[in-house]
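Participant: A structural model of the following input is requested.
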Amino acid sequence: MLRRTKIVATLGPASSSPAVLESMIAAGVDVVRMNFSHGAPEEHRARAELVRSIARARGTTVGVLVDLQGPKIRIGRFQNGKIALKSGDKFILDARCKQGNQERVGLDYKNLPQDVSPGTTLLLDDGRIVLGVTEVKGAKIHCVVEQGGELSDNKGINRKGGGLSAPALTGKDIEDIKTAALLRADYLAVSFPRSAADMRWARDLMGQAGGKSFLMAKIERAEAIPALEEILEASDAIMVARGDLAVEVGDAAVPALQKRMIALARSHNKLVVTATQMMESMTASPVPTRAEVSDVANAVLDGTDAVMLSAETAVGDYPVETVTAMARVCLEAEKEQEFSREAHRNPQPVTGVEEAIARAAVFTAHNLGVKAIAALTQSGMTALLMSRMTASVPIYALSPVVETRRRVTLFRGVYPIRFAVTTRDSEQTLHLAENELLKRGAVQHGDLIALTIGEPFGEAGGTNTLKVVRVGEHRKA
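Facilitator: You can find the predicted model right below:
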């Protein structure tokens, strides 16, 4: 049984050696995430090439996702590295403070005093420390500790309910987009976007750098929720980034938001990745908790394209075991998903011939007992449209374009195949596609397969033909 839900694994010190990377890819990694909060451009480029060379040697394809750091909204450093705060303590966040102590600490984000006022609640260290703002004087934010604990260097700051004005792209991010273009990243994740304008800005910068990455909006600010549809329209994908989002909107609100975001992305023909602490305990344990298993399974049942691992594979003790466990959970959850015979009745109107062909292919495949769908595609769009429906029939994206094959690694239920032909005769091309599936063991003689193709063949965005053939007969069934 082929796993339809894709696995994204973050690279880091625990997963940078060729041996570990190869084992992770063998265990089921479809896309690697490169966290640009850490490491130099040269390191990232070397890692991307290592991943691709291992994938080539294994005869498979692995996508590359570059994740931008975004604005650093953090406190500064303390004289002794950390302090302990108690409820009721007075504490100052001071944009001009160089070295923190028990009474105050500096800020990396110098505009924070302009973004808060008396009554604002600030959440530090992922909400472990809660400060209530009592007064703002120039560069100093006077607070009272509402929830205390240990506070150490460079911890993050969130404003409850959102409202921080830091731009989505910093100077570092702008330079990192150039690096992403150079290493031919398949996806670019933009941290903390608040609007469609943030995503259009990133897209313009990627285009100027000569890159072709799909743009992924990380939904982690409270302001992004009411703007979700416009952000989706300006993006190719979204990430349900549950960490910062939970701090800003409250952890209890996140599960329902996750379901809403997955459904909305699919209905808009966009991709969606579910992320943050999916198997966090496996950073130090060889087995996941039962709650983590349920969390991953629920995301799969909701229809997410991919589930993502962060610290588990970047710095964890069991990166390969974590990927193996996640793949096992995804496969088991997918057994419970059944194709609906009404799936072709998408409430969204058909936007063109290509989408009509995609819907027809999936519906026909299930009703006729087709064993595989082969989408002969230049851009991957037909395969994406097919993957928006609940399809248990595997969808093979046969493409001569390497960027397309790498991109579809994130599409749920879609598997890339290198398919370069010299003939422009569509019948001959379909015969070659049939042989390719047969050679790979995807189908057997006598099986029905559905093939989609654009005529004239070889033009991107031109899928206009659906054929159903019986393997070995090469005729319309």
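
Participant: from now on I want contacts and neighbour counts done on CA atoms only, so please keep to that.
Facilitator: Fine.

Participant: so which residue is smack in the middle of this structure?
Facilitator: With distances taken as Cα atoms, centre = their mean, the residue of the chain nearest its centroid is Val273 (3.9 Å).

Participant: would you mind identifying the next helix or strand past the one helix or strand it maps to?
Facilitator: Val273 is part of strand 271-275, with elements assigned from DSSP states H and E. Counting by DSSP H and E, the next helix or strand C-terminal to strand 271-275 is helix 290-302.

Participant: in this structure Leu122 contacts Val133, no?
Facilitator: Yes - applying Cα atoms under 8 Å as the test, Leu122 and Val133 come out as touching, 7.4 Å apart.

Participant: Thr10 versus the residue nearest to the centre of the chain, what's the distance?
Facilitator: Distance, Val273 to Thr10, using Cα to Cα, to the nearest Å: 13 Å.

Participant: what touches both of the two?
Facilitator: Counting by Cα atoms under 8 Å, 6 or more residues apart in numbering, the contacts common to Val273 and Thr10 are Met308.

Participant: do a quick rundown of the strands in the stretch 351-477 of the chain.
Facilitator: Using DSSP state E, counting those that start in this stretch, the strands of the stretch 351-477 of the chain run over 372-376, 395-399, 414-418, 448-454, 463-470.

Participant: how about those in CSV, adding mean pLDDT?
Facilitator: Below are the strands of the stretch 351-477 of the chain laid out as CSV (pLDDT from 0 to 100):
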stretch, mean pLDDT
strand 372-376, 95
strand 395-399, 96
strand 414-418, 96
strand 448-454, 93
strand 463-470, 92
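
Participant: want to try CSV for those strands, with distance to Thr61 and mean neighbour count as columns?
Facilitator: Below are those laid out as CSV (distance: least, Cα to Cα, whole Å; neighbours: other Cα atoms under 10 Å):
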stretch, distance to Thr61, mean neighbour count
strand 372-376, 17, 26
strand 395-399, 12, 25
strand 414-418, 7, 24
strand 448-454, 22, 23
strand 463-470, 24, 19
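
Participant: I'd like those strands written out as a markdown table, with distance to Gln102 added.
Facilitator: Below are the strands of the stretch 351-477 of the chain laid out as a markdown table (distance: least, Cα to Cα, whole Å):
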| stretch | distance to Gln102 |
| --- | --- |
| strand 372-376 | 63 |
| strand 395-399 | 59 |
| strand 414-418 | 55 |
| strand 448-454 | 67 |
| strand 463-470 | 65 |
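
Participant: among those strands, which comes closest to Gly88?
Facilitator: Gly88 lies closest, by Cα to Cα, to one member of these: strand 414-418, at 54.9 Å.

Participant: elements contacting that closest one?
Facilitator: Judged by 3 or more Cα pairs under 8 Å, 6 or more residues apart in numbering; DSSP states H and E, the packing partners of strand 414-418 are helix 381-387, strand 395-399, helix 402-407.

Participant: hang on, the earlier thing: correct me, but the residue nearest to the centre of the chain touches Leu309?
Facilitator: No - contact status for Val273 versus Leu309: not in contact, 10.6 Å apart, counting by Cα under 8 Å.

Participant: and Lys439, how close does it get to His445?
Facilitator: Between Lys439 and His445 the computed distance is 11 Å (Cα to Cα).

Participant: got it, and Asp89?
Facilitator: Going from Asp89 to His445 by Cα to Cα gives 75 Å.

Participant: out of those two, which sits in the busier spot?
Facilitator: The neighbour count for Asp89 versus His445, taken as other Cα atoms under 10 Å, is higher for Asp89 (15 against 10).

Participant: where is the longest helix in the chain?
Facilitator: helix 41-58 (DSSP state H).

Participant: how about residues contacting it?
Facilitator: With contacts defined as Cα under 8 Å, 6+ apart, helix 41-58 is touched by 16, 18, 21-22, 25, 34, 61-62, 64, 176, 179, 183.

Participant: what lines up beside the helix or strand just after it in the sheet?
Facilitator: Proceeding N to C from helix 41-58, the next assigned helix or strand is strand 63-67, under DSSP H and E. Using DSSP bridges, the strands paired with strand 63-67 are strand 31-35 (parallel), strand 187-190 (parallel).

Participant: contact partners of strand 63-67?
Facilitator: Residues contacting strand 63-67 (Cα under 8 Å, 6+ apart): 30-36, 48, 180, 185-191, 406-407, 409-410.

Participant: averaged pLDDT, that strand. What do you get?
Facilitator: Strand 63-67 shows a mean pLDDT of 98 in the predicted model.

Participant: CA atoms of stretch 135-151 as PDB?
Facilitator: Below are the C-alpha coordinates for stretch 135-151, written out as PDB (Å, rounded to 0.1, in the frame of the first residue of the first chain):
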ATOM      1  CA  GLU A 135       3.000  51.500  31.500                       C
ATOM      2  CA  VAL A 136       5.100  52.400  28.500                       C
ATOM      3  CA  LYS A 137       7.700  55.100  28.900                       C
ATOM      4  CA  GLY A 138       9.900  55.800  25.800                       C
ATOM      5  CA  ALA A 139      11.900  52.600  25.100                       C
ATOM      6  CA  LYS A 140      10.800  51.000  28.400                       C
ATOM      7  CA  ILE A 141       7.800  48.700  28.800                       C
ATOM      8  CA  HIS A 142       6.800  48.300  32.500                       C
ATOM      9  CA  CYS A 143       5.200  45.000  33.300                       C
ATOM     10  CA  VAL A 144       3.900  43.000  36.200                       C
ATOM     11  CA  VAL A 145       4.500  39.200  36.100                       C
ATOM     12  CA  GLU A 146       1.200  37.400  35.900                       C
ATOM     13  CA  GLN A 147       2.800  33.900  35.400                       C
ATOM     14  CA  GLY A 148       6.300  33.400  36.500                       C
ATOM     15  CA  GLY A 149       9.100  30.900  35.900                       C
ATOM     16  CA  GLU A 150      12.600  30.600  34.600                       C
ATOM     17  CA  LEU A 151      13.400  33.100  31.800                       C
END
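
Participant: how about residues contacting it?
Facilitator: With Cα under 8 Å, 6+ apart as the test, stretch 135-151 has contacts from 82-96, 110, 113, 116-118, 125, 128-134.
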